[in-house]
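J.: When you get a sec, could you give me coordinates for this:
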Amino acid sequence: MGDVSDVPPIHVEVAYALPDRQTLLPLIVPEGTTAEEAIRRSGMLERHPEIDLASSKIGIFSKPVPATRELREGDRVEIYRPLIADPKAVRKQRAEEGKRMKKGGGDAASED
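T.: Residues are numbered from 1 along each chain as shown. The predicted structure is shown next:
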């Protein structure tokens with residue numbers, strides 16, 4: 001088996017989004033690098049100390065993957081923030097609000 005310098009490099013990106021901005025860091029890593037290794041090498045954890053990699057979910061192009069997933073040329077590793085609301089509960093609430101609006105529930109009046 002050859003030394004690590006014999007391993008061809010691949011180009012990947014590490015992404016983290018906040019509600020108001022996104023950080024996207026391009027990175028060149030050796031083939032065989034895992035998603036977690038790329039995140040650590042990217043400097044993203046230093047830029048965003050609020051990221052808890054132990055509890056954060058990660059994915060590649062919106063598809064959840066384990067941190068041990070080996071990367072391929074062009075992969076974009078995404079670090080996901082925890083959800084602040086249950087999506088099912090939000091949809092249910094919107095549906096209920098829609099029903100009230102259709103019935104003329106009176107909540108539509110503006111007090112401007």
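J.: give me phi/psi at residue 53?
T.: Here the main-chain torsion angles of residue 53 (degrees, to the nearest 10) amount to phi -60, psi -30.
J.: That one contacts residue 37, correct?
T.: No. Using C-beta atoms under 8 Å, residue 53 makes no contact with residue 37, being 11.2 Å away. In this view, the C-beta of every residue, glycine as well, is placed from N, C-alpha and C.
J.: Which one's more surrounded, the two?
T.: Between residue 53 and residue 37, counted using other C-beta atoms under 10 Å, the more crowded position is residue 37 (17 against 13).
J.: can you confirm that one is in a helix?
T.: Yes. Under DSSP: H, G, I helix; E, B strand; the rest coil, residue 37 falls within a helix.
J.: Tell me, how many residues neighbour the nearest residue to residue 66 once chain neighbours are set aside?
T.: Using C-beta to C-beta, 6 or more residues apart in numbering and skipping residues adjacent in sequence, the residue nearest residue 66 is residue 35, 7.6 Å away. Number of residues near residue 35 (other C-beta under 10 Å) recorded here: 23.
J.: Tell me who's in contact with residue 35.
T.: 58, 60, 65-69, 71, 75, 77 (C-beta atoms under 8 Å, 6 or more residues apart in numbering).
J.: could I get those as JSON lines with secondary structure?
T.: Output for the contacts of residue 35, formatted as JSON lines (three-state DSSP):
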{"residue": "58", "secondary structure": "strand"}
{"residue": "60", "secondary structure": "strand"}
{"residue": "65", "secondary structure": "strand"}
{"residue": "66", "secondary structure": "coil"}
{"residue": "67", "secondary structure": "coil"}
{"residue": "68", "secondary structure": "coil"}
{"residue": "69", "secondary structure": "coil"}
{"residue": "71", "secondary structure": "coil"}
{"residue": "75", "secondary structure": "coil"}
{"residue": "77", "secondary structure": "strand"}
